[in-house]
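A.B. asks: Predicted structure and sequence below. I'll ask about it afterward.
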Amino acid sequence: MQVTSKRWIGSAAALTLIQIAASAFLRPGLELTAVSDIASALLLLALLLAFIANARAARGRLRSVWMLLALSWAFWLTDQCGWIVYDVVFRKPMPDMFPGDILLFLAGVPVLAALLLRPHVDPTERSVRFGMPDFLQLMLWWIYLYLFLVNCWQYVWRSSAVYNRNFDRLYVVQILILLTALGVLLYQSSGPWRRFYFLLFAALFLNYLSVIVENRAIEARVYYTGSWYDVAFAASLVFFLAVAAHARELIPVPATVKDERYGTWLFGSAAVAVLSLPAMLIYSALEGSVPPAIVRFRLVITSAAIVATTALVFVKQHRLYSDLKRVNAILAEASITDPLTGIRNRRFFSETIGADVAATLREFRSEADRCARDLVFYLIDIDNFKEVNDQYGHDAGDRVLVEVARRISSVMRASDVLLRWGGEEFLVISRFADRRQANALALRVLEAVREKPLAVDGAVTLTRTCSVGWAAFPWHEGDPSSMGHEEVLKLADEALIQAKTAGKDRAVGMIPY
């Protein structure tokens, strides 16, 4: 543990001892009240600063977790300042329905949010994109419950008995949910993270137990500031400082497939929360045992909650649609791309050749100049490629294919398309070309392949050549529709065979005379 952390905990322990000494030796009165309130406020301030320091040193989701816990202590500190104002400044007892009570409830919301973020797991981008709307829905639903069950009896129709009863019940439910979530995280984690969750569990249990006992004492009119009820609360704050000190060195572990299933649970919980809202709306409209003002208030906040959570559903649906669209685009691109060389494949040819042929035929049927409107097919085959695989292995052969594809691409026009036709054979489709100049591209390909040795394995290089056969579509310029592109492609293949037979490292083109 760092020296700074030890000092924080030592200072907190000293403040707790001051609290104990004041409770033991000072009589109830202004002096005891001031010492107790200020000691508690300083402990809460220390916790706030400790978790802010943790957040500044962390990154990513872990920073958000520590900031959420810091926010929790900011709520506690603000509530404590309210007690100081009443106890020390006004010297009046705290009212039964203190406006700052909501801060005690809200202090648990950031803690629950922090636990739902599962800080021990480093999240994936997908879990952040799709989990955040579910997370926000749960947080909104939890705050909505407080407004529905408690807040309405404080401001809309004042009833101290119902207010205290509902507040206590919801507070206990919050405690049980937090402790249950911590129990699950204890089970799922290990090592330093398990120790962290155990310390947090112990601190929360002691803290909430002290608050519940203190609230009972307040309702029974036996509590006074600085009494022994406050000592347990101060001791729980020392536990929390130990949690903050332990958290400084924690690092999230990478997510696994099992962790990804957590998103399903989060989605299910959020769905249940959203689906409960219409039921709450019906319950509000039909309940006859509460004042009409309460019914109207509940109808308004339930309707607002439905609108807010539905908006978050639309946000998630939009993200799902965008993600599905992106994945489909990736899959579509992969289906028409050769995985080895990264160039197009035969499927791309099948999907696009119809449009290329149609565009070429339209050009030939127009009255414009007949130059540069041909569709030229170049079939390119690496000479003696089998020797590369036999002598150096298939990995070396793959490297040769990748490099030859790169060299062919370097001499093509931007409008031309290069495809892996099969094995060591490539196809270049030259759009809007001129058959009278078609051999120039074939010669550039020959030169690009032979000009430099090809690296195959470390320092090993070899020289390879290629053969090219080409033919132009349409075959008959005067009658463009007389022969389909399939027949022209077969002619280019025949030209390639002639180039191989004639000695390789050469280009043969076929055009009618």
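C.D. replies: Good, I have the coordinates. Numbers count the residues shown, from 1 in each chain.

A.B. asks: Thr461 bridge partners, please.
C.D. replies: Ala455 (DSSP bridges).

A.B. asks: okay but it is in contact with Pro453, surely?
C.D. replies: Yes - the criterion here is C-beta atoms under 8 Å, and Thr461 meets it with Pro453 at 3.8 Å. C-beta: built from backbone N, CA, C; applies to glycine.

A.B. asks: Common neighbours of those two, please.
C.D. replies: Counting by C-beta atoms under 8 Å, 6 or more residues apart in numbering, Thr461 and Pro453 have no contacts in common.

A.B. asks: got any ranges where the stretch 51-200 of the chain has weak pLDDT?
C.D. replies: Counting by pLDDT under 70, the stretch 51-200 of the chain has low-confidence residues at 124-131.

A.B. asks: Check the stretch 251-400 of the chain too.
C.D. replies: 255-265, 367-372.

A.B. asks: ok, Asp37 touching Val89?
C.D. replies: No - counting by C-beta under 8 Å, Asp37 does not reach Val89; the two are 10.4 Å apart.

A.B. asks: Neighbour count: those two, which is higher?
C.D. replies: Using other C-beta atoms under 10 Å, the more surrounded residue of Asp37 and Val89 is Asp37, with 21 against 8.

A.B. asks: if I pick that one, what's in contact with it?
C.D. replies: By C-beta under 8 Å, 6+ apart, the neighbours of Asp37 are 80, 83-84, 87-88, 225-226.

A.B. asks: Name the nearest residue to it, sequence neighbours excluded.
C.D. replies: Ile84 (4.6 Å; C-beta to C-beta, 6 or more residues apart in numbering).

A.B. asks: Any idea how many residues pack against the one you found?
C.D. replies: 18.

A.B. asks: C-terminal to the top helix by length along the chain, what's the next element?
C.D. replies: Counting residues, the longest helix found in the chain (DSSP state H) is helix 292-335. Sequence-wise, the next helix or strand downstream of helix 292-335 (DSSP states H and E) is helix 346-365.

A.B. asks: buried stuff in that next one?
C.D. replies: 348-349, 353, 356-357, 360-361, 363-364 (16 or more other C-beta atoms under 10 Å).

A.B. asks: Please give me every residue in contact with Val173.
C.D. replies: Here Val173 is in contact with no residue (C-beta under 8 Å, 6+ apart).

A.B. asks: ok, back up a step: from Ala24, how far out is the residue nearest to Asp37?
C.D. replies: 22 Å (C-beta to C-beta, to the nearest Å).

A.B. asks: on that earlier part again, can I get the buried residues of helix 346-365 in JSON lines with distance to Glu214?
C.D. replies: Converted to JSON lines, these look like this (distance: C-beta to C-beta, whole Å):
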{"residue": "Phe348", "distance to Glu214": "73"}
{"residue": "Phe349", "distance to Glu214": "78"}
{"residue": "Ile353", "distance to Glu214": "80"}
{"residue": "Asp356", "distance to Glu214": "81"}
{"residue": "Val357", "distance to Glu214": "84"}
{"residue": "Thr360", "distance to Glu214": "86"}
{"residue": "Leu361", "distance to Glu214": "88"}
{"residue": "Glu363", "distance to Glu214": "88"}
{"residue": "Phe364", "distance to Glu214": "92"}
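
A.B. asks: residue ranges of the strands in this protein, please?
C.D. replies: 121-122, 253-254, 374-382, 417-422, 425-433, 454-457, 460-462, 466-473, 507-510 (DSSP state E).

A.B. asks: Partner strands of the first one and their direction?
C.D. replies: In this case it means strand 121-122. When DSSP bridges is applied, strand 121-122 pairs with strand 253-254 (parallel).

A.B. asks: So what touches the partner strand?
C.D. replies: By C-beta under 8 Å, 6+ apart, strand 253-254 touches 120-122, 193.

A.B. asks: Nearest to Ile330 among those residues?
C.D. replies: Nearest to Ile330 among those is Asp122, at 23.7 Å by C-beta to C-beta.

A.B. asks: For that closest one, give the beta-bridge partners.
C.D. replies: Pro254.

A.B. asks: Next, count neighbours for it.
C.D. replies: 16.

A.B. asks: For Pro254, see how far away it is.
C.D. replies: 5 Å.

A.B. asks: so who does Val508 touch?
C.D. replies: Val508 touches 468-470, 495-496, 498-499, 502, counting by C-beta under 8 Å, 6+ apart.

A.B. asks: Before we move on, what's the pLDDT of it?
C.D. replies: Looking at Val508, its pLDDT is 95.

A.B. asks: Give the bridge partners for it, please.
C.D. replies: Following DSSP bridges, Val508 is listed with bridge partners Gly469.

A.B. asks: Quick check: can you list the domain ranges of the chain?
C.D. replies: 3-333, 346-510 (automatic domain parsing).

A.B. asks: right, and those domains - which one's nearest Pro339?
C.D. replies: domain 346-510 (9.4 Å).

A.B. asks: Figure out how far the closest one is from the centre of its chain.
C.D. replies: 44 Å (C-alpha atoms, centre = their mean, to the nearest Å).

A.B. asks: and the end-to-end length of it?
C.D. replies: One end of domain 346-510 to the other measures 22 Å (C-alpha to C-alpha, to the nearest Å).

A.B. asks: Stretch 24-31 too?
C.D. replies: So stretch 24-31: terminal residues 13 Å apart, C-alpha to C-alpha.
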